[in-house]
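[1] Okay, sequence plus prediction incoming.
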Amino acid sequence: MRALGLNGAIYRTPPLNKSTLLSLFAIAILALGVGIGAQSWLNPAPTFTPKAITIWPKAIRLEPFTLTDHNNQPFTLNNLQEKWHLFFLGYTHCPDVCPTTMLMLNEVVQQLPEEIQAKLQIVFISVDPSRDQDKLKPYVEYYNPQFLGVTGQLKEIYNITSQFSLPIAQKVSQDGNYLMDHSASLVLTSPSALKVATFSSPHYAPDIAHDLSGYIQ
Amino acid sequence: MNFRLVSTLILTFITFSNVQANDSFSIENAWIREAPPTISTLAGFMTLHNHSDQALIVESFTSPDFKQIELHKTAIDNGVAKMQKQGPISVPANQSLTLEPGGFHLMLIDAIRPLKVDDTTLVTIHYNGHKQTMTFSVKKTTGTPPSHHHHHN
């Protein structure tokens, strides 16, 4: 048995403050919960010179999760089969980082050879289901009609984001509004539903397209 | 009524190319990023040049097209994207402040009408007890020029 998420193979240790510690603790508990029975495989070494991608030394099999896509269809572990998936976390009330990343992801797709495009699905996970449920479809399709938006119950969002080792946290302001802090990294899964690689920010579309073209077979 | 206030009131606003100026500051490249349909939280960007000999205290922003405008700063902290609300901000004499994607930006909350590419909207900057209205144009772009990035071999 191997623990997932924060105990995974690659994690840069940040300086911790109290609130970070608390959220890490919460995520660690969740990670333990989903980590039971997790398995991993040695990832093949890249045959190209990586510019942006961090390939996990061991690919990690994901545990079941239940989300819903922007067409109200279930989005589960089974949906990860057959295609590569590149995930990004965000929320529609995020005016800066999320639009920048979505526009960047569209640039990535435009720069990929057609045969690679056909093998790759870009997925936007909304970490703000209560406000985003009905906005997902117009939101993701605006950036690219092929993009998929998914969201779900908060515990299922934590389920998948902790398996991806992507932290999220809600920050409530005095006026009752809230912002979501969310990882700016991208996670790549293989057609065998294995978590294989991460792209850390800042993101530069040509570098990501270069690495995806080299890595996706 | 002091000279500065009078001059602010009587100076005709100069708008040429993408620079808008009054006697104490100018703004350049003021734009708002178009949002997807149904999305009413947008971001605005500009470069603010204080060409006066006193600090420019930017207190707040208002617009007839948005219920509320806040100044925010994006920070990527250990890989986590965080938006940090800013209070009044001071631009020192003869210095500039750039609002750009991934850094300082205006968080434009609850758009009252849809804003599409090439639309314009008016944003009033409240500063040093005065106010000045500026024109922002709507664009669809990452806003991140390639020169911002380190080029790899």
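    Looks like it came in fine.

[2] roughly how far apart are residue B:28 and residue B:46?
    7 Å (CB to CB, to the nearest Å). For glycine as for every other residue, the C-beta is placed from the backbone atoms N, C-alpha and C.

[3] Of those two, which one has the most company?
    Set residue B:28 next to residue B:46 and count neighbours by other CB atoms under 10 Å in any protein chain shown: residue B:46 wins out with 25 against 15.

[4] Just the C-alphas of the host helix or strand of that one, formatted as PDB.
    According to DSSP states H and E, residue B:46 maps onto strand B:42-50. What follows is strand B:42-50 as a C-alpha-only set of coordinates in PDB (Å, rounded to 0.1, in the frame of the first residue of the first chain):
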ATOM      1  CA  LEU B  42     -14.100  40.400 -14.900                       C
ATOM      2  CA  ALA B  43     -10.600  41.700 -14.500                       C
ATOM      3  CA  GLY B  44      -9.200  45.100 -15.600                       C
ATOM      4  CA  PHE B  45      -5.600  46.100 -16.300                       C
ATOM      5  CA  MET B  46      -3.600  49.300 -17.000                       C
ATOM      6  CA  THR B  47      -0.400  51.000 -16.300                       C
ATOM      7  CA  LEU B  48      -0.700  54.100 -14.100                       C
ATOM      8  CA  HIS B  49       2.000  56.700 -14.300                       C
ATOM      9  CA  ASN B  50       2.200  59.300 -11.600                       C
END
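
[5] Tell me if that strand is near chain A.
    Yes - judged by CB under 8 Å from any CB of the partner chain, strand B:42-50 comes into contact with chain A through B:42, B:43.

[6] Would you list the strands that that strand pairs with, along with their directions?
    strand B:25-33 (antiparallel), strand B:96-99 (antiparallel), strand B:104-111 (antiparallel) (DSSP bridges).

[7] which stretch among those comes nearest residue A:142?
    In terms of CB to CB, the element of those nearest to residue A:142 is strand B:25-33, at 11.7 Å.

[8] Would you mind measuring the gap between the ends of stretch A:59-72?
    30 Å (CA to CA, to the nearest Å).

[9] Quick one: mean pLDDT over it.
    Taken as a whole, stretch A:59-72 has an average pLDDT of 96.

[10] ok, now stretch A:115-135?
    96.

[11] and it, how far apart are its ends?
    The first-to-last residue distance of stretch A:115-135 comes to 30 Å (CA to CA).

[12] Report the buried residues of that stretch.
    Going by neighbour count (16 or more other CB atoms under 10 Å in any protein chain shown), the buried part of stretch A:115-135 is A:116-117, A:120-129, A:132, A:135.

[13] Can I get these in a markdown table including secondary structure and distance to residue B:104?
    Listed next are the buried residues of stretch A:115-135 as a markdown table, based on DSSP: H, G, I helix; E, B strand; the rest coil; distance: CB to CB, whole Å:
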| residue | secondary structure | distance to residue B:104 |
| --- | --- | --- |
| A:116 | helix | 36 |
| A:117 | helix | 35 |
| A:120 | strand | 34 |
| A:121 | strand | 34 |
| A:122 | strand | 28 |
| A:123 | strand | 30 |
| A:124 | strand | 25 |
| A:125 | strand | 27 |
| A:126 | strand | 25 |
| A:127 | coil | 24 |
| A:128 | coil | 23 |
| A:129 | helix | 29 |
| A:132 | helix | 25 |
| A:135 | coil | 26 |
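
[14] CSV please, covering those residues and showing distance to residue A:90.
    Putting the buried residues of stretch A:115-135 into CSV (distance: CB to CB, whole Å) gives the following:
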residue, distance to residue A:90
A:116, 23
A:117, 22
A:120, 18
A:121, 16
A:122, 12
A:123, 11
A:124, 6
A:125, 8
A:126, 7
A:127, 7
A:128, 8
A:129, 12
A:132, 9
A:135, 12
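
[15] Helices of chain B, residue ranges please.
    Using DSSP state H, the helices of chain B run over residues B:3-10.

[16] Skipping adjacent residues, who's closest to residue A:161 in space?
    Closest residue to residue A:161 apart from its sequence neighbours, by CB to CB, 6 or more residues apart in numbering or on different chains: residue A:168 at 5.6 Å.

[17] So what pairs up with that neighbour in the strands?
    In this entry, residue A:168 is beta-bridged to residue A:182, by DSSP bridges.

[18] quick one, what contacts it?
    A:89, A:127, A:157, A:158, A:161, A:180, A:181, A:182, A:183 (CB atoms under 8 Å, 6 or more residues apart in numbering or on different chains).

[19] What angle do strand B:42-50 and the biggest strand by length in chain B make with each other?
    Identified as the longest strand of chain B according to DSSP state E is strand B:66-77. Interaxial angle, strand B:66-77 versus strand B:42-50 (axes from the mean of the first three to the mean of the last three CA atoms, to 10 degrees): 80 degrees.

[20] neighbours around residue 99, how many?
    In the absence of a named chain, this looks at chain A. 28.

[21] hmm, I had chain B in mind actually
    Neighbours of residue B:99 (other CB under 10 Å): 22.

[22] can you pull the contacts of it?
    B:44, B:45, B:46, B:47, B:48, B:105, B:106.

[23] Report pLDDT for the closest residue to the fifth one other than its chain neighbours.
    What that stands for is residue B:48. Spatial nearest neighbour of residue B:48, chain neighbours left out: residue B:97 (4.7 Å); criterion: CB to CB, 6+ apart. Listed pLDDT for residue B:97 reads 97.
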